[in-house]
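Q: Pasting the sequence and the predicted coordinates here, then a few questions.
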There are 4 protein chains.
Amino acid sequence: MAPITLPGYGDIEPLSPAAEALVKSEDPEHPANLIPELCREFYKLGWVTGTGGGISMRQGPLVYLAPSGVQKERILPEHMFVLPFAQSSVPKPGSKRDFVRVPSKKGLSESQCTPLFWNAFTQRDAQSCIHTHSQHAVMLTLLLGKGAKSFRISHQEMIKGVRLGGVGKTLAYFNTLEVPIIENTAREEDLTESMAEAMTTYPDAAAILVRRHGVYVWGPTWESAKTQAECLDYLFEIAVKMLLAGMPLEGDN
Amino acid sequence: MAPITLPGYGDIEPLSPAAEALVKSEDPEHPANLIPELCREFYKLGWVTGTGGGISMRQGPLVYLAPSGVQKERILPEHMFVLPFAQSSVPKPGSKRDFVRVPSKKGLSESQCTPLFWNAFTQRDAQSCIHTHSQHAVMLTLLLGKGAKSFRISHQEMIKGVRLGGVGKTLAYFNTLEVPIIENTAREEDLTESMAEAMTTYPDAAAILVRRHGVYVWGPTWESAKTQAECLDYLFEIAVKMLLAGMPLEGDN
Amino acid sequence: MAPITLPGYGDIEPLSPAAEALVKSEDPEHPANLIPELCREFYKLGWVTGTGGGISMRQGPLVYLAPSGVQKERILPEHMFVLPFAQSSVPKPGSKRDFVRVPSKKGLSESQCTPLFWNAFTQRDAQSCIHTHSQHAVMLTLLLGKGAKSFRISHQEMIKGVRLGGVGKTLAYFNTLEVPIIENTAREEDLTESMAEAMTTYPDAAAILVRRHGVYVWGPTWESAKTQAECLDYLFEIAVKMLLAGMPLEGDN
Amino acid sequence: MAPITLPGYGDIEPLSPAAEALVKSEDPEHPANLIPELCREFYKLGWVTGTGGGISMRQGPLVYLAPSGVQKERILPEHMFVLPFAQSSVPKPGSKRDFVRVPSKKGLSESQCTPLFWNAFTQRDAQSCIHTHSQHAVMLTLLLGKGAKSFRISHQEMIKGVRLGGVGKTLAYFNTLEVPIIENTAREEDLTESMAEAMTTYPDAAAILVRRHGVYVWGPTWESAKTQAECLDYLFEIAVKMLLAGMPLEGDN
């Protein structure tokens, strides 16, 4: 593997001490430490079981994310992938991303979610993006049915924890929250284009639901991405209960 | 920021060692240590996800509470807000509270629940008040419907863990528990007046349910507030199950 | 308080070093250490929230149990009550028990479950008895309805984890498990007689369900009491699901 | 007890230092350390309560597994059973297995699941096999009904985490996952033959459901067995929810 040029870090040899240094920190808030900790928490919530789901974080010119197909609740800092973030790498519909990585451990491969995380980074300038396979998200898409283009709910306190477009000001209690739903595809990366389109069509959306699959949520910080993911998951869960009880999700009946 | 006069503590400069001393203690039962610990427990119960909910405690002339809009399961003692408790600061309907605080960390803002906690402190002489966004509380208000003024249940063992007015003697098995329900508002602090009114109208109520939002519970000690919150949440949960199964909540059929 | 005569220990002064010694041990399997640990586990299972429920253990001539009305997940060894076990103290219907205790901490009162635990000790020679307020147990009694004298289920693998009478050989897969249901009373101790009667009427029963309240389970060891409580709670939970789905609990349809 | 010949280890005296050495390791990834750790995790998921369920692992010529009838969340390395793995010990229908063990602690007996684990080892060359009593698995078999020979589901993202036959390549999103269902028997070991037959009849199956009992899942590594068990349990859970909501499990309606 050839050296990789990371903005601000120069050329980094894969598996070199310089590569290792990117994921070694005493700071518990460093992305390489936070991602494993948060993944353990997400596992307890049922968001990332069976290797599914995860979280990505930007730090300056770099992006940190967990590898593909590993137990998310057992990942360690040295398993992290570190990628350069550059606006020039915005995915074009139909194009393959030209990703580079600093492999800190052999035998791991990059998350298939990477281009989807990039959608949030480039279209919303998000600093962190979370993907979950929460059953509440999946059941909601099932109950809303194949034709549903979005999930809409109003008059719930937890709506106030969600931000306009995921990165703007928080919604108000009397606002209607709307999250677009896109169709699932055979390969995760094939969601890239439809997710990008849905984000364009719904500029106020703070998340994208993927039918029979899960959800992507983002925020201007990792804290915001996480708390918005919690608020949205809460709303997905209560919406499922309301639909099963025959209640409308909008209005204040 | 100007110094704040705390009864028994004199003038405290914000961010001074004297301010810090209010939240530094080796005692695990000190409010500044207990609140973060309990919030971590409440998070596991699904009561305070997405920054929602929290707990406040009085200690002598002071009140300790968590800041607004932060991850409740990750707060630390140094994030606590410390406020003077004074009977003169009983909120009057329509008036704005004149709260002061000892900010121990910059960039945090006071909980919007503060005036609601004060309702419990002043009307019931409670020493601790808990606010949760429990889905059981919210689903219960949804199932009872818009017209319901209160939740009533009888013949449940867990009723015996709830106190008359939240601070008196415990209810008996054959008593009917009644918890008033108030309408939610756009801003949390706008609940102050209707919560106060409901507490006056229902002097035996140990809690106030807020429709599509959650619940406020209090007690003569933090232990009592917490165990009553657990008993009530248990009763909300089983009531939701009973309503979905078509069972009456009162009587012993 | 007068000294208490404990068989094998002589006269023990309350709050004396000799009293303290009964609950101080380095052995994690000592009842005074195990009971707090197990209560923390039971809390996570939702069995002992709101101060309800608990576990008692015999060790030679002594019985250890948690005090009444305290947070079960936060009890410590020094909160334990230690009582002499004597066959002569078998409760007679209508009689008040003459219990003694070694108070190791002031201000705590004896568990109201004590005479119910004694039923299991004296009628079944159980060494440990567990009481839970599990919602699965309560919902099951509600779904079975007021007239139901017992819960019966068959053809479930988990039946094989339950013992005849709670202390005999384990049931077989093709056996029908039967747990009697008694009516709840205003005071916990008033259940003593009806529980004793149900245990006599159903000699093979490994537990007693209390309608709108919870369950009592026992075993020849604490391990057996705990694993039977888990198997029974599993069966209560799946029975609730089956009843809600309209399935019969007996037979193999 | 006579010495046991373990391939590569020579004759091992039961309870000898050589026997102890098989289960003592500083390596957290050693089977004798991993099995207790994973069992604690499985307990939290509700997979191994009441002593039920467990996990077995192969390491070279040896097989490690937990003993029978003990609390799975409290087992220790010294409780492990170590057995020689040999292709010659493939169970023949109707024959009794001639198992040997290195008892590292007296009074424990071998898991009744042993011949069922061996099915996965010999028929699929699996390196690890997990057995759970998950309520999702049991409810699914109940909802599918007595006549159902298998569980089939399609169009779920989590299908992609399951492997062909449990050990081959992962399924694709548009594949239909099929898991055979066998009838439960009085004794666990009596499932050996019908499980083996189902594995032959369904060569692509990654697991075997046992009606009113649970599931057996395996993989080419313990990590794969665990993550496939998580994916399958997720699919069992969502299938139960879909069936209760009246939705078809196959197709993309």
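A: Looks like it arrived, so ask away. Residues are numbered from 1 along each chain as shown, chains lettered A, B, ... in the order given.
Q: and A:Gln135, how many residues sit next to it?
A: If you count neighbours by other C-beta atoms under 10 Å in any protein chain shown, A:Gln135 ends up with 22. (Glycine included, C-beta is placed from N, CA and C.)
Q: From D:Met158, how far out is it?
A: Applying C-beta to C-beta, to the nearest Å, the value for A:Gln135 to D:Met158 is 9 Å.
Q: Identify the contacts common to those two.
A: Between them, A:Gln135 and D:Met158 share the neighbouring residues D:Tyr234, D:Ile238, with contact defined by C-beta atoms under 8 Å, 6 or more residues apart in numbering or on different chains.
Q: Relative to chain D, which residue of the stretch 1-150 of chain A is the closest?
A: Distance from chain D to each residue of the stretch 1-150 of chain A (C-beta to the nearest C-beta) is smallest for A:Gly50, at 3.8 Å.
Q: contacting residues around that residue?
A: With C-beta under 8 Å, 6+ apart, A:Gly50 has these contacts: A:His133, D:Met158, D:Gly161, D:Thr227, D:Gln228, D:Glu230, D:Cys231, D:Tyr234.
Q: Just send the residues you listed back as a markdown table, with secondary structure too.
A: Putting those into a markdown table (DSSP: H, G, I helix; E, B strand; the rest coil) gives the following:
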| residue | secondary structure |
| --- | --- |
| A:His133 | coil |
| D:Met158 | helix |
| D:Gly161 | helix |
| D:Thr227 | helix |
| D:Gln228 | helix |
| D:Glu230 | helix |
| D:Cys231 | helix |
| D:Tyr234 | helix |
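Q: Which pair of those residues spans the longest distance?
A: Pairwise distances across the contacts of A:Gly50 (C-beta to C-beta) peak at 14.6 Å, for the pair A:His133 and D:Gln228.
Q: So which of the contacts of A:Gly50 is the closest to B:Thr141?
A: Within the contacts of A:Gly50, the smallest distance to B:Thr141 is 29.7 Å, found for A:His133 (C-beta to C-beta).
Q: Which residues are in contact with that closest one?
A: For A:His133, the contact set (C-beta under 8 Å, 6+ apart) comprises A:Trp47, A:Val48, A:Thr49, A:Gly50, A:Gly52, A:Gly53, A:His213, A:Gly214, D:Glu157, D:Met158, D:Tyr234.
Q: Can you add pLDDT and secondary structure and give these back as a markdown table?
A: Converted to a markdown table, those look like this (pLDDT from 0 to 100; DSSP: H, G, I helix; E, B strand; the rest coil):
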| residue | pLDDT | secondary structure |
| --- | --- | --- |
| A:Trp47 | 98 | coil |
| A:Val48 | 97 | coil |
| A:Thr49 | 96 | helix |
| A:Gly50 | 96 | helix |
| A:Gly52 | 93 | coil |
| A:Gly53 | 94 | coil |
| A:His213 | 98 | coil |
| A:Gly214 | 98 | strand |
| D:Glu157 | 97 | helix |
| D:Met158 | 98 | helix |
| D:Tyr234 | 98 | helix |
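Q: what's the closest of those residues to chain C?
A: Comparing the contacts of A:His133 against chain C with C-beta to the nearest C-beta places D:Tyr234 closest, at 17.7 Å.
Q: OK, contacts around that closest one?
A: A:Thr49, A:Gly50, A:His133, A:Gln135, D:Met158.
Q: Same question for A:Thr132.
A: Taking C-beta under 8 Å, 6+ apart as the definition of contact, the neighbours of A:Thr132 are A:Phe42, A:Leu45, A:Trp47, A:Val48, A:Gly52, A:Gly53, A:Gly214, A:Val215, A:Val217, A:Ala229, A:Asp233.
Q: Could you tell me which ones among those residues also sit near chain D?
A: Among the contacts of A:Thr132, the ones lying close to chain D by the criterion of C-beta under 8 Å from any C-beta of the partner chain are A:Gly52, A:Gly214.
Q: List just the nearest of the contacts of A:Thr132 to A:Asn119.
A: Nearest to A:Asn119 among these: A:Val217, at 12.0 Å, using C-beta to C-beta.
Q: Now tell me what touches the helix or strand encompassing that closest one from outside.
A: Using DSSP states H and E, A:Val217 falls within strand A:214-219. With contact meaning C-beta under 8 Å, 6+ apart, strand A:214-219 is reached by A:52-53, A:116-117, A:119-121, A:124, A:126-134, A:137-138, A:163, A:166-167, A:179, A:195, A:206-210, A:225-229, A:232-233, A:236, D:157.
Q: Where does pLDDT dip in the stretch 1-150 of chain A?
A: Scanning the stretch 1-150 of chain A for pLDDT under 70 picks out the ranges A:1, A:87-106.
Q: Okay, strands next: where are they in it?
A: In the stretch 1-150 of chain A, the strands defined using DSSP state E, counting those that start in this stretch lie at A:4-6, A:10-12, A:54-59, A:62-65, A:81-84, A:128-132, A:150-154.
Q: Could you double-check that A:Val167 lies in contact with A:Ala126?
A: Yes: A:Val167 lies in contact with A:Ala126 (C-beta atoms under 8 Å); the separation is 6.0 Å.
Q: Give me the more crowded residue out of those two.
A: Neighbours were tallied for A:Val167 and for A:Ala126 using other C-beta under 10 Å; the higher tally belongs to A:Ala126 (28 against 19).
Q: contacting residues for the closest residue in space to A:Pro61 that isn't next to it in sequence?
A: If you skip the residues right next to it in sequence, A:Pro61 has A:Pro7 as its closest partner in space, 3.8 Å away by C-beta to C-beta, 6 or more residues apart in numbering or on different chains. A:Pro7 sits next to A:Pro61, A:Pro84, A:Ala86 when contact means C-beta under 8 Å, 6+ apart.
Q: and of those, the nearest to D:Leu191?
A: Taking C-beta to C-beta as the measure, D:Leu191 lies nearest A:Pro84 of those, at 54.0 Å.
Q: Surely the closest one and A:Leu6 touch.
A: Yes: the pair A:Pro84 and A:Leu6 passes the contact test of C-beta under 8 Å, sitting 5.1 Å apart.
Q: Now the common contact residues for those two.
A: Residues touching both A:Pro84 and A:Leu6 comprise A:Pro61, A:Leu62, with contact defined as C-beta under 8 Å, 6+ apart.
Q: And the contacts of A:Pro7, which is closest to chain B?
A: Using C-beta to the nearest C-beta as the measure, the one of the contacts of A:Pro7 that approaches chain B most closely is A:Pro61, at 25.2 Å.
Q: Quick check: the gap between that closest one and A:Ala86.
A: As defined by C-beta to C-beta, A:Pro61 lies at a distance of 8 Å from A:Ala86.
Q: what do you get for A:Gly219?
A: 21 Å.
Q: And those two? Which one has more around it.
A: A side-by-side neighbour count of A:Gly219 and A:Ala86, using other C-beta under 10 Å, places A:Gly219 first with 25 against 11.
Q: Skipping its backbone neighbours, what lies nearest that one in space?
A: For A:Gly219, the nearest residue in space outside its immediate sequence neighbours is A:Ala225; the separation is 3.4 Å by C-beta to C-beta, 6+ apart.
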